[in-house]
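In: I'll drop the sequence and a predicted model, then ask my questions.
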Amino acid sequence: MRLKKRDITKAIAAFLLFLALSLLGWQILGECAFFVSLAILAAMVWLLVMENVRSGQALARDLSRQQMSHYRQTESLFSLFSYLRPAHPLPPMRGWIISPDAANALMALIDERKPDVIVEAGSGVSTLLCAYALRATGKGRIVSLEHEAEYAARSQEALKQHELQAFASVHYAPLTPVTIGSERLLWYDTGALETVKSIDLLIVDGPPTKGAALARYPALPLLVERLSPAALIFIDDGDRPAEKAVVERWLREFDGFARERLDTEKGAIVLRRVRLP
């Protein structure tokens, strides 16, 4: 096993301490000091060994969890490809992009509910996946809002490459000031949603929350009147503090929603509309 720099430092410190104690003990106790110092050294070596054992066990547990997580994502990815049968390679997933297990859960919701209209805050690989899922069900359309013009163009090009324009559209929607109660916030320009009267599934995966904890809060206040009676809201990254705070606030301010946390890599959350206000 390769020694770490901190382990070598601890060993040198232990040796120097042993040497100092031996010299001091020799002056005070004479020959008996040798056995006392030896006992102290043995105890220090035992402590170092036990610390390395504990560190090794913790590292083994971390590696095991990582391997299980990678296996789960690989398994979910195979399931996605089997169900959707994409015509071209999909963009990378995981990281700040939706993970395969969360995408799998989202596909299951679409297959279960067969929504007519999906509205997505943000765009990317999730837009492609939803379009494929809608094609599989034979109905529906997803309308995605994207605040970065370049990224919106890339998402539109991806839809064209995968021949999914009949099931999805991505609209450049820059972040604009909105007033909710007494708060002045930024959210997507909703001009692209003028013809959308009823939303069956709302996917909230934008805008970015960095530096703006309430960046995703406006989604529900602005669109709640357009949600269908049995609408679902899907929130990726549900374990992050910003998303947790937004969901908690939604549940306080809007009646008739039940929360479900999905056991995914980033803890996706589904809000189900169980009754009208």
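Out: Cool, got the structure.
In: buried stuff in the longest strand along the chain?
Out: Counting by DSSP state E, the longest strand found in the chain is strand 227-235. Residues of strand 227-235 classed as buried by neighbour count (16 or more other C-beta atoms under 10 Å): 227-228, 231-235. For every residue, glycine as well, the C-beta is placed using N, CA and C.
In: CA atoms only: put the helix or strand that it is followed by into CSV for me.
Out: Remark: after strand 227-235, the chain's next helix or strand is helix 241-253, criterion DSSP states H and E. Taking C-alpha atoms only, helix 241-253 is exported to CSV below (Å, rounded to 0.1, in the frame of the first residue of the first chain):
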residue,chain,number,x,y,z
PRO,A,241,-30.7,23.3,-0.6
ALA,A,242,-32.1,25.8,-3.1
GLU,A,243,-34.5,23.3,-4.6
LYS,A,244,-35.6,22.1,-1.2
ALA,A,245,-36.3,25.7,-0.1
VAL,A,246,-38.3,26.4,-3.3
VAL,A,247,-40.4,23.2,-2.9
GLU,A,248,-41.1,23.9,0.8
ARG,A,249,-42.3,27.4,-0.1
TRP,A,250,-44.5,26.1,-2.9
LEU,A,251,-46.2,23.7,-0.5
ARG,A,252,-46.8,26.5,2.0
GLU,A,253,-48.2,28.8,-0.5
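In: average model confidence for helix 241-253?
Out: For helix 241-253, mean pLDDT is 95.
In: got the angle for that helix vs strand 227-235?
Out: Angular relation of helix 241-253 and strand 227-235 on a 0 to 180 degree scale: 150 degrees, by axes from the mean of the first three to the mean of the last three C-alpha atoms, to 10 degrees.
In: Who are the packing partners of helix 241-253?
Out: Judged by 3 or more C-beta pairs under 8 Å, 6 or more residues apart in numbering; DSSP states H and E, helix 241-253 is in contact with strand 227-235, strand 257-261, strand 269-273.
In: Please compute how far that helix lies from its chain's middle.
Out: Averaging C-alpha positions (C-alpha atoms, centre = their mean, to the nearest Å) puts helix 241-253 16 Å from its chain's average.
In: residue ranges of the strands in the stretch 1-150 of the chain, please?
Out: 117-121, 141-146 (DSSP state E, counting those that start in this stretch).
In: follow-up on the earlier one: rebuild the helices and strands packed on helix 241-253 as CSV, extending it with mean pLDDT.
Out: Below are those laid out as CSV (pLDDT from 0 to 100):
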stretch, mean pLDDT
strand 227-235, 95
strand 257-261, 95
strand 269-273, 95
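In: Make CSV from the ones you listed and add distance to residue 212 to it.
Out: Listed next are the helices and strands packed on helix 241-253 as CSV, based on distance: least, C-beta to C-beta, whole Å:
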stretch, distance to residue 212
strand 227-235, 16
strand 257-261, 23
strand 269-273, 19
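In: Could you identify the most distant pair in the buried residues of strand 227-235?
Out: Pairwise distances across those peak at 17.8 Å for 228 and 235 (criterion: C-beta to C-beta).
In: quick one on the thing from earlier: let's have the strands of the stretch 1-150 of the chain in TSV, adding mean neighbour count, distance to residue 83 and mean pLDDT.
Out: Formatted as TSV, the strands of the stretch 1-150 of the chain follow (neighbours: other C-beta atoms under 10 Å; distance: least, C-beta to C-beta, whole Å; pLDDT from 0 to 100):
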stretch	mean neighbour count	distance to residue 83	mean pLDDT
strand 117-121	24	17	98
strand 141-146	24	17	97
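In: Dump the ones you listed into CSV; add distance to residue 241 as well.
Out: Listed next are these as CSV, based on distance: least, C-beta to C-beta, whole Å:
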stretch, distance to residue 241
strand 117-121, 19
strand 141-146, 24
